[in-house]
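**Q** Quick one: sequence plus predicted model below, questions after.
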Amino acid sequence: MVFMLVGSLTIGAIMGPIYAVILTVVHPGLRGIAASLNVLVINILGLAVGPILTGVLSDKYEIQKAMTIMAFVPLVAVLLFFAGSNLL
């Protein structure tokens, strides 16, 4: 529950840096399309697939274990962002 609380409180903090990177990297004529594509992908992956995946996991395991697994999904995003950076 503590991890879910911390994740819920800090999930909005990633949006500023994401948009800063997108708007810095993309050509000025395509910035609107890039920002809207980001919103579309976030909504498709997060709002459409997230509840379905949680339901599938809760059917296979139990709801508490499914919610615990889903709480660690943002760590995958962190690893992908780190791998996409030039820090490796």
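**A** Perfect, thanks for sending it.
**Q** looking at this structure, which residue lies furthest from center?
**A** residue 29 (25.8 Å; Cα atoms, centre = their mean).
**Q** Can you tell me how far it is from residue 57?
**A** Applying Cβ to Cβ, to the nearest Å, the value for residue 29 to residue 57 is 42 Å. (Each C-beta comes from the backbone N, C-alpha and C, glycine too.)
**Q** can you pull the pLDDT of residue 78?
**A** In this model, residue 78 is scored at 79, pLDDT.
**Q** now whatever helix or strand it lives in, how far from the chain's geometric center?
**A** Per DSSP states H and E: residue 78 is located in helix 73-84. Here helix 73-84 is found 9 Å from its chain centre; the criterion is Cα atoms, centre = their mean, to the nearest Å.
**Q** What helices and strands are in contact with the helix or strand bottoming out on mean pLDDT in the chain?
**A** Within the chain, judged by mean pLDDT, DSSP states H and E, the helix or strand with the poorest mean is helix 2-10; its value is a mean of 77. Applying 3 or more Cβ pairs under 8 Å, 6 or more residues apart in numbering; DSSP states H and E, we find helix 2-10 packed against helix 63-71.
**Q** Report all helices and strands that the helix it packs on contacts.
**A** helix 2-10, helix 50-60.
**Q** how many other residues sit next to residue 40?
**A** 10 (other Cβ atoms under 10 Å).
**Q** How about residue 66?
**A** Going by other Cβ under 10 Å, the residues that sit close to residue 66 add up to 18.
**Q** which residues of this structure score low on pLDDT?
**A** 87-88 (pLDDT under 70).
**Q** How about the helix holding residue 78, which residues are buried there?
**A** In terms of neighbour count (16 or more other Cβ atoms under 10 Å), helix 73-84 has no buried residues at all.
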